[in-house]
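Got a sequence here, can you model it:
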Amino acid sequence: MKPTATSTARLAAATVLLGAGVTIASQFVAAYVLEDPFGLAIETVTLFEKHGPFVVLASLVAIGALIWAVLAGSRQALIPVLGMGIAIALVFLLIDLPDAGETGLFDTPGAGNLDSTGVGAAGLWLEMVGGLVVILGSISLMTLDSKTIASIRPGRNGSRKRRKPRVNPPATGRTGGSR
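So this is what the prediction gives:
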């Protein structure tokens, strides 16, 4: 069975939604583990604690722009989706990634300042993957024409012809039941 343009478009839209969801989830999962010189974990840090709600808001804007693009059937409306994916990738590259492997002092209650090293954890890599998925999904949607983008809308299926309305069969004079 050959995939249709509509099924490809729906897959690309679902990919963007999945990427945005992964990016939102990455903000609340441990992104760094601060370890002492012996490799013992002192503290975990989430990305939401590090830079606040920016990436969550960027992901929500990408989702909203995708919905708008599908409802309007507009390729130009996909530009904010791509822009938010690029913004997420830049936050990862310029703000979050440089802290992986950095060493410094961490003030712990009761023990004072301890040398610690930031080791990247799942949240850090999920942010990268989510941002790249949003970028690639939006680029794939931008390659489609407006009619195909509009066919993603719920209740529409551009790959099938519309059914003809059902016509009631002519009356035969019988009134139900069997003899």
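
Can you classify Val119 by secondary structure?
Taking DSSP: H, G, I helix; E, B strand; the rest coil as the rule, one finds Val119 in the strand state.

low-confidence ranges in this protein?
1-3, 105-114, 156-179 (pLDDT under 70).

Helices of that one, start to end?
For the chain, applying DSSP state H gives helices covering 5-26, 47-51, 54-72, 79-91, 122-142, 146-150.

The residue nearest to Phe48 when sequence neighbours are not counted: neighbour count?
Excluding the flanking residues, the one nearest Phe48 by C-beta to C-beta, 6 or more residues apart in numbering is Gln27, at 4.3 Å. Every C-beta, even on glycine, is put in place using the N, C-alpha and C of the backbone. Around Gln27 sit 23 other residues, with neighbours defined as other C-beta atoms under 10 Å.

about what we covered before: save the helices of the chain as TSV, and put in distance to Val33 and mean neighbour count too.
Output for the helices of the chain, formatted as TSV (distance: least, C-beta to C-beta, whole Å; neighbours: other C-beta atoms under 10 Å):
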stretch	distance to Val33	mean neighbour count
helix 5-26	15	20
helix 47-51	13	17
helix 54-72	20	19
helix 79-91	20	20
helix 122-142	10	21
helix 146-150	42	18
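
Nearest to Ser116, out of these?
With respect to Ser116, and counting by C-beta to C-beta, the nearest of these is helix 47-51 at 14.9 Å.

hmm, who's touching that closest one?
By C-beta atoms under 8 Å, 6 or more residues apart in numbering, the surrounding residues in contact with helix 47-51 are 26-28, 31-32, 55-56, 91, 95-96, 99, 123-124, 127.

measure the residue nearest to the spatial centre of the chain to Thr117 for me?
Geometric centre of the chain, nearest residue: Ala20, 1.9 Å, by C-alpha atoms, centre = their mean. Ala20 sits 31 Å away from Thr117, going by C-beta to C-beta, to the nearest Å.

Equivalent analysis for Ile67, please.
42 Å.

again with Gly52
Counting by C-beta to C-beta, the gap from Gly52 to Thr117 is 24 Å.

higher neighbour count, those two?
The neighbour comparison of Gly52 against Thr117 (other C-beta under 10 Å) goes to Thr117, with 18 against 11.

If the more buried one is in a bridge, with which residues?
Glu35, Thr103 (DSSP bridges).

quick one: it and Thr103 touch, right?
Yes. Using C-beta atoms under 8 Å, Thr117 is in contact with Thr103, at 4.8 Å.

Now for the residue nearest to Phe48: which residues touch it?
Gln27 is in contact with 46-48, 53, 55-56, 123, 127, counting by C-beta under 8 Å, 6+ apart.

Apply 6 Å and report the result again.
Gln27 sits next to 47-48, 55-56 when contact means C-beta atoms under 6 Å, 6 or more residues apart in numbering.
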